[in-house]
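> sequence plus predicted model, see below.
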2 protein chains.
Amino acid sequence: MKKSLGAKTILYPTPVLVVGTYDAQNRPNVMTAAWGGICCSSPPCIAVALRKVTYTYGNIVHQEGFTINIPAEQHVRFADYFGLVSGKKIDKFAATGLTPVKSSLINAPYIQEFPFILECNLIQKMEIGLHTLLIGEILDIKAEAGALDHKGQLDIEKVKPFLYAPEANKYYGMGAFLGNAFSIGQDVKKKP
Amino acid sequence: MKKSLGAKTILYPTPVLVVGTYDAQNRPNVMTAAWGGICCSSPPCIAVALRKVTYTYGNIVHQEGFTINIPAEQHVRFADYFGLVSGKKIDKFAATGLTPVKSSLINAPYIQEFPFILECNLIQKMEIGLHTLLIGEILDIKAEAGALDHKGQLDIEKVKPFLYAPEANKYYGMGAFLGNAFSIGQDVKKKP
């Protein structure tokens, strides 16, 4: 019998989304968000939930575009830092030494050093409560050569992403390969 | 310089969301969705993106509630299977031997054997494209005793969740502890 834990926001795995934007003066900023995920296959879209008080929220609404930068294990300190301070007061690129690169598709910067990034055009907003859900159409994914396999596809084992555990507030790496999707369930399917 | 991969739906980590519903005849069903995530802290909400043709979509709209069941590593075959077949034709609980338990809060079943589950009340819908985003307010989280730490909180190391890698269509376990969130970035913050 399951024990009730109350109404909480716990999901495993939760992603670590580093959101890149320009402010009204075209200064690059990044913040880390955990609430979000892919939300549509066609058009390819991602949803990210932000509080309106964040600097990033205002930037996205003003510029109508943002990037999602996926950090590798080695970037965990930077990703955590990006969630600790506001770009209203601090130049987070200067503080970390990371390099902002202007997207050619939208008016937003991405992080050169991160393994791959999504360039997103704001297409919808949805008021939920404390957070507003921003829907971005993914116009392109751009990746470092070292994050790709021999066929030129993203290789999660080379990216080495990490996950966030809400409530406990911990980061974990990725583990062992467990099986192929749309495949390892086939033997259950074959049962009488 | 990053290489362009085109407009795709790749995010690491992507969750494995097993959505539990009753159909109009109160028959329990589960399907697996990868597009979704937490979308608001207050009220606590989760977004899950479904195609309207799925049996689950109709069930949620009819019942106005659903569960999100988080599988452990040991359930990876079941979770994959739940995404391979439709509940229109098949009783997936009977096929797997898993046990549906009726939620006391909403008209939806959860999976007794999975480590923890979210009970959700449908509060909003958003048309995006091929997928519709369904927003559920999380009314409660319920967990197995074996998934909790000594303080009674969910322990990701005991849950042993796994993640999905889109495009490559692979499942991976969780890896090593990397650091505490809102903490390991502090040393970056202290830099001049």
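Perfect, thanks for sending it.

> scan chain A for its longest helix.
In chain A, taking DSSP state H as the definition, the longest helix is helix A:55-63.

> which parts of it are buried?
Within helix A:55-63, the residues that count as buried by 16 or more other Cβ atoms under 10 Å in any protein chain shown are A:Tyr55, A:Thr56, A:Tyr57, A:Gly58, A:Asn59, A:Ile60, A:Gln63. Yep, even glycine has a C-beta here, placed from its N, CA and C like the rest.

> my guess is the third one meets A:Leu50, correct?
Yes - checked against Cβ atoms under 8 Å, the pair A:Tyr57 and A:Leu50 is within contact range at 4.5 Å.

> can you check which residues contact both of these two?
Residues touching both A:Tyr57 and A:Leu50 comprise A:Thr132, A:Leu134, with contact defined as Cβ atoms under 8 Å, 6 or more residues apart in numbering or on different chains.

> for the closest residue to A:Ala176 other than its chain neighbours, give me the pLDDT.
Distance criterion Cβ to Cβ, 6 or more residues apart in numbering or on different chains; nearest residue to A:Ala176, sequence neighbours excluded, is B:Gly173 at 5.0 Å. According to the prediction, B:Gly173 has pLDDT 98.

> quick one: the lowest-mean-pLDDT helix or strand in chain A to chain centroid distance?
In chain A, no helix or strand scores lower on mean pLDDT, DSSP states H and E than helix A:186-190, which sits at a mean of 84. Here helix A:186-190 is found 34 Å from its chain centre; the criterion is Cα atoms, centre = their mean, to the nearest Å.

> repeat for stretch A:166-183
With Cα atoms, centre = their mean, you get 16 Å for stretch A:166-183.

> again with stretch A:25-34
Per Cα atoms, centre = their mean, the displacement of stretch A:25-34 from the mean C-alpha position of its chain is 12 Å.

> buried residues, it. List them.
Of all the residues in stretch A:25-34, those buried under the rule 16+ other Cβ under 10 Å are A:Pro28, A:Asn29, A:Val30, A:Met31, A:Thr32, A:Ala33, A:Ala34.

> now could you export just the CA positions of it as PDB?
Taking Å, rounded to 0.1, in the frame of the first residue of the first chain, the C-alpha atoms of stretch A:25-34 are listed here in PDB:
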ATOM      1  CA  GLN A  25      20.100  45.900 -24.600                       C
ATOM      2  CA  ASN A  26      21.100  42.600 -26.400                       C
ATOM      3  CA  ARG A  27      23.200  41.500 -23.400                       C
ATOM      4  CA  PRO A  28      23.400  37.700 -23.300                       C
ATOM      5  CA  ASN A  29      21.900  35.900 -20.300                       C
ATOM      6  CA  VAL A  30      21.400  32.300 -19.200                       C
ATOM      7  CA  MET A  31      19.200  30.800 -16.400                       C
ATOM      8  CA  THR A  32      18.600  27.300 -15.400                       C
ATOM      9  CA  ALA A  33      15.100  25.800 -15.300                       C
ATOM     10  CA  ALA A  34      13.900  22.400 -14.300                       C
END
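
> near chain B at all, it?
Yes - applying Cβ under 8 Å from any Cβ of the partner chain, one finds stretch A:25-34 in contact with chain B at A:Ala34.

> just to revisit the earlier point, which one of the buried residues of helix A:55-63 sits closest to chain B?
Among the buried residues of helix A:55-63, A:Tyr57 lies closest to chain B (Cβ to the nearest Cβ), at 13.5 Å.

> can you name the residues that contact the closest one?
Contacts of A:Tyr57 were listed using Cβ under 8 Å, 6+ apart, and they are A:Leu50, A:Arg51, A:Thr132, A:Leu134.

> wasn't the third one part of a strand?
Same thing as A:Thr132. Yes - counting by DSSP: H, G, I helix; E, B strand; the rest coil, A:Thr132 is found in a strand.

> test my guess that it contacts A:Lys125.
Yes - under the criterion of Cβ under 8 Å, A:Thr132 makes contact with A:Lys125 at 5.9 Å.

> quick one, which of those two is more surrounded?
Counted by other Cβ atoms under 10 Å in any protein chain shown, A:Thr132 and A:Lys125 do not tie: A:Thr132 has more neighbours, with 20 against 14.

> how far away is the more buried one from B:Pro15?
Distance, A:Thr132 to B:Pro15, by Cβ to Cβ, to the nearest Å: 21 Å.

> please apply the same query to A:Arg77.
With distances taken as Cβ to Cβ, A:Arg77 is found 24 Å from B:Pro15.

> between these two, who's got more neighbours?
B:Pro15 (28 against 20).

> mind checking how far A:Gly87 is from A:Leu5?
A:Gly87 is 34 Å from A:Leu5, by Cβ to Cβ.

> got the contact list for A:Val188?
A:Val188 sits next to B:Arg77, B:Phe78, B:Asp80, B:Tyr81, B:Ala95, B:Thr96 when contact means Cβ under 8 Å, 6+ apart.

> okay, those residues in a markdown table with secondary structure, distance to chain A and pLDDT next?
Shown next, in a markdown table, are the contacts of A:Val188 (DSSP: H, G, I helix; E, B strand; the rest coil; distance: Cβ to the nearest Cβ, whole Å; pLDDT from 0 to 100):
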| residue | secondary structure | distance to chain A | pLDDT |
| --- | --- | --- | --- |
| B:Arg77 | helix | 5 | 97 |
| B:Phe78 | helix | 6 | 98 |
| B:Asp80 | helix | 3 | 98 |
| B:Tyr81 | helix | 3 | 97 |
| B:Ala95 | helix | 6 | 95 |
| B:Thr96 | helix | 6 | 96 |
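
> wait, doesn't A:Ala181 sit right on B:Phe162?
No - when contacts are counted by Cβ under 8 Å, A:Ala181 is not listed as touching B:Phe162 (10.5 Å).
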